[in-house]
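Q: Quick one: sequence plus predicted model below, questions after.
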Amino acid sequence: MSFITTLDNPYNPATHFDEWYNYDTAKGYDSCGKLARLAPSENDALPESYTDSLTEIAIDSLIDLFPNIFTKVPTNCSDEEFSKLYKENYSKFKRFVKVGAY
């Protein structure tokens, strides 16, 4: 399973979820809320493997709809790996914002 994050969020949702969540909500992204509207919750009477698959599909759908805002982070992403991913994503995000398309 993966996490979704915005290209500008400097916190790894796999290892620093609280900081990631605070940044995400402070910026008004509501990534968890968007994901919850597309994927079933853990409280649904569905097998975990099924909800995990649907969550992955929902993450991919958000990324497809908003490729200049969202990206995927693997569950086991270390802080070092995330730092590299963030640097790549942040420069993409800055180019997008600079063009004024955001």
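A: Cool, the structure landed. All of these numbers come straight from a predicted model, not from anything done at the bench. Residues are numbered from 1 along each chain as shown.

Q: mind showing which ranges of the chain have poor pLDDT?
A: Using pLDDT under 70 as the threshold, the predicted model of the chain has low-confidence ranges 40-44, 98-102.

Q: Tell me where it has helices.
A: If you assign secondary structure with DSSP state H, the helices in the chain sit at 17-26, 31-38, 48-65, 79-99.

Q: and the angle from the last one to helix 17-26?
A: In other words, helix 79-99. Using axes from the mean of the first three to the mean of the last three CA atoms, to 10 degrees, the inter-axis angle of helix 79-99 relative to helix 17-26 is 10 degrees.

Q: Use 21 as the first number from now on
A: Done: numbering now begins at 21, and the last item shifts to helix 99-119.

Q: Pull out the buried positions in helix 99-119.
A: Under the neighbour-count criterion of 16 or more other CB atoms under 10 Å, helix 99-119 has 102, 105-106, 109, 113, 116 buried. For glycine as for every other residue, the C-beta is placed from the backbone atoms N, C-alpha and C.
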